[in-house]
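J.: All I have is the shape, not the residue letters:
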């Protein structure tokens, strides 16, 4: 168990490796020193006009010099904190011995207080700070003790010559010196504790900034990793889609070769299908390359990500049923401007719609209070678009805010097909994920 001394040293950061930055002398230091000097000189002359220096024999210029030099110490209080603290203690002692009434001015007392506080607050070497500040305090209290001893002797001499009745517990002179001792204990203690609090607050701010920087860096890495993972999944999906198209081209080409002499019309139909499949495969590959051009990396397979590259709009009922097993009621609606339009969607677009609904419903279950949601798929071949919209009626669930990586995956997949994404809360409440994919557009 640490001793009280060890606790105090730990509180002052003696063994702490963090060093508080020491800024150079700047504009605010100059303004502070100039302001303190102006106020100090004004207060000095006001006290003089009120007759407060009638027992001071020092010339006026030395009084001005004492006040001005004290204010100038504040210029380097942050840059050279321990040096300024030592100079302030020396200034206090010299002025107190030669001009005690000048040294006792409030303006100079503030200067000494700020200098000592800054020495504790800005010292980078905490062990040197303890040594310097401890020496200053011991010296000052030794001085006060000496004054107390001299005051007691003087009081004894006065009592021997002219005995006087005591009003309080102590005689007047020792009582005055004792009061000075108490005031100085509060004075120096306040400066030291205040400096320690300032140093600890600065250290805490530095740690918070470091943690925030670390969190931001980690979040950036997670986003990059999410992009890479999603691109790898897109690559796997589109690889299967394109491979299926190429296989279909081979089948159609073989059929065309067999019926070329017997049925030219059937051969032309098969060759047209080969042409269409080849164009679709090239389009899919170009889109894939455009999406993956900026990123590549090692990605780990998600164990929950089944190889559902054959999935499409027709598989959404099973996905909705699965969401119902997790307590979420989902209404599915497929709106076709032309009969069978959803079944004629390109395989890549159909898979993208399936993945979008899958991710959106997962986010609803994890991060929303909603218990119902609706999924609407709209396909219009004449307008050349397919749109999917997932809407819920809940609010964000407290303590489950996501990282946004799922939405990032939706955007990446939409970008693969040149889609437009609209994700965010609704004015009437709830949340909406809407993606529109163009049909037949160039990548």
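T.: Happy to help now that I have it. For clarity, every value in this text was computed on a predicted model and none was experimentally measured. Numbering: from 1, shown residues only.

J.: Helix, strand, or coil at residue 386?
T.: On the three-state scheme (DSSP: H, G, I helix; E, B strand; the rest coil), residue 386 is labelled strand.

J.: Give me the neighbour count for it.
T.: When counting by other Cβ atoms under 10 Å, one arrives at 27 neighbours for residue 386. C-beta coordinates here come from the backbone N, C-alpha and C atoms, glycine included.

J.: again with residue 2
T.: Close neighbours of residue 2, defined as other Cβ under 10 Å, add up to 9.

J.: Make sure it is actually in contact with residue 11.
T.: No. The criterion here is Cβ atoms under 8 Å, and residue 2 misses it with residue 11 at 10.7 Å.

J.: Torsion angles phi and psi at residue 14?
T.: When read as degrees, to the nearest 10, the backbone of residue 14 gives phi -60, psi -40.

J.: How about the one 10 residues further on?
T.: Backbone dihedrals for residue 24, given as degrees, to the nearest 10, come out at phi -70, psi 170.

J.: Nearest spatial neighbour of residue 70, chain-adjacent residues omitted?
T.: residue 111 (4.5 Å; Cβ to Cβ, 6 or more residues apart in numbering).

J.: For the one you found, which residues are in contact?
T.: Neighbouring residues of residue 111 by Cβ atoms under 8 Å, 6 or more residues apart in numbering: 36, 40, 70, 71, 73, 74, 88.

J.: quick one: pLDDT of residue 171?
T.: Model confidence at residue 171, given as pLDDT, is 72.

J.: Pull the number of nearby residues for the closest residue in space to residue 98 that isn't next to it in sequence.
T.: The shortest distance from residue 98 to any non-neighbouring residue, by Cβ to Cβ, 6+ apart, is to residue 58 (6.2 Å). Using other Cβ under 10 Å, the number of residues around residue 58 comes to 15.

J.: So residue 58 sits against residue 99, correct?
T.: Yes. Contact criterion Cβ under 8 Å: residue 58 and residue 99 qualify, at 4.9 Å.

J.: Among the contacts of residue 111, which are located in helices?
T.: Counted as lying in helices by DSSP state H, out of the contacts of residue 111, are 36, 40, 70, 71, 88.

J.: Closest one to residue 379 out of those, please.
T.: residue 36 (76.9 Å; Cβ to Cβ).

J.: pretty sure that closest one contacts residue 74?
T.: Yes. Assessed by Cβ under 8 Å, residue 36 is found in contact with residue 74 at 6.0 Å.

J.: Tell me the confidence at residue 179?
T.: 79.

J.: so which strand or helix has it?
T.: According to DSSP states H and E, residue 179 maps onto helix 172-259.

J.: quick one: the residue positioned nearest the centre of the chain from residue 249, how far?
T.: In the chain, the centroid-proximal residue (Cα atoms, centre = their mean) is residue 212; its distance is 3.6 Å. According to Cβ to Cβ, to the nearest Å, residue 212 and residue 249 sit 54 Å apart.

J.: Do a quick rundown of the helices in this protein.
T.: Shown for the chain, the helices assigned by DSSP H span residues 4-11, 27-49, 60-72, 81-98, 100-103, 106-122, 126-161, 172-259, 264-292, 316-324, 347-367, 405-416.

J.: Mind putting those helices into JSON lines with distance to residue 431?
T.: Shown next, in JSON lines, are the helices of the chain (distance: least, Cβ to Cβ, whole Å):
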{"stretch": "helix 4-11", "distance to residue 431": "48"}
{"stretch": "helix 27-49", "distance to residue 431": "48"}
{"stretch": "helix 60-72", "distance to residue 431": "61"}
{"stretch": "helix 81-98", "distance to residue 431": "54"}
{"stretch": "helix 100-103", "distance to residue 431": "69"}
{"stretch": "helix 106-122", "distance to residue 431": "48"}
{"stretch": "helix 126-161", "distance to residue 431": "51"}
{"stretch": "helix 172-259", "distance to residue 431": "20"}
{"stretch": "helix 264-292", "distance to residue 431": "26"}
{"stretch": "helix 316-324", "distance to residue 431": "15"}
{"stretch": "helix 347-367", "distance to residue 431": "7"}
{"stretch": "helix 405-416", "distance to residue 431": "11"}
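
J.: and residue 438, which of those is closest to it?
T.: Set against residue 438 and scored by Cβ to Cβ, the helices of the chain come closest in helix 347-367, at 8.8 Å.

J.: Tell me which residues of the closest one come out buried.
T.: Buried residues in helix 347-367, counted by 16 or more other Cβ atoms under 10 Å: 347-365, 367.

J.: Kindly provide the distance from residue 276 to residue 322.
T.: In terms of Cβ to Cβ, residue 276 sits 34 Å off from residue 322.

J.: my guess is residue 199 contacts residue 20, does it?
T.: Yes. Between residue 199 and residue 20 there is a contact under Cβ under 8 Å: 6.3 Å.

J.: Report pLDDT for the residue nearest to residue 70.
T.: What the model reports as pLDDT for residue 111 is 90.

J.: same check, this time on residue 261
T.: Looking at residue 261, the pLDDT reads 77.

J.: And the one 3 residues further on, by the same measure?
T.: Listed pLDDT for residue 264 reads 80.

J.: Can you give me the neighbour number for it?
T.: Count around residue 264 with other Cβ under 10 Å applied: 11.

J.: Mind listing what's buried along stretch 59-69?
T.: 63, 64, 66, 67.

J.: quick one, what contacts the second one?
T.: When you say that, I think you mean residue 64. Contacts of residue 64 by Cβ under 8 Å, 6+ apart are 41, 44.

J.: In the stretch 201-350 of the chain, where is pLDDT below threshold?
T.: Scanning the stretch 201-350 of the chain with the threshold set as pLDDT under 70 gives 234-245, 281-310.

J.: at 50 what do you get?
T.: Applying pLDDT under 50 to the stretch 201-350 of the chain flags the ranges 294-307.

J.: re earlier: a markdown table for the buried residues of stretch 59-69, including pLDDT and distance to residue 394?
T.: Output for the buried residues of stretch 59-69, formatted as a markdown table (pLDDT from 0 to 100; distance: Cβ to Cβ, whole Å):
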| residue | pLDDT | distance to residue 394 |
| --- | --- | --- |
| 63 | 87 | 75 |
| 64 | 90 | 73 |
| 66 | 88 | 72 |
| 67 | 88 | 68 |
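
J.: Mutual contacts of residue 199 and residue 20, please.
T.: Any residue near both residue 199 and residue 20 by Cβ under 8 Å, 6+ apart counts here, and that gives 121, 122, 123.

J.: measure the last one to residue 26 for me?
T.: Counting by Cβ to Cβ, the gap from residue 123 to residue 26 is 19 Å.

J.: More neighbours: which of these two?
T.: Just comparing residue 123 and residue 26: by other Cβ under 10 Å the higher neighbour count belongs to residue 123, 25 against 11.

J.: hang on, isn't the more buried one packed against residue 82?
T.: Yes. Residue 123 is within contact range of residue 82, at 5.4 Å (criterion: Cβ under 8 Å).
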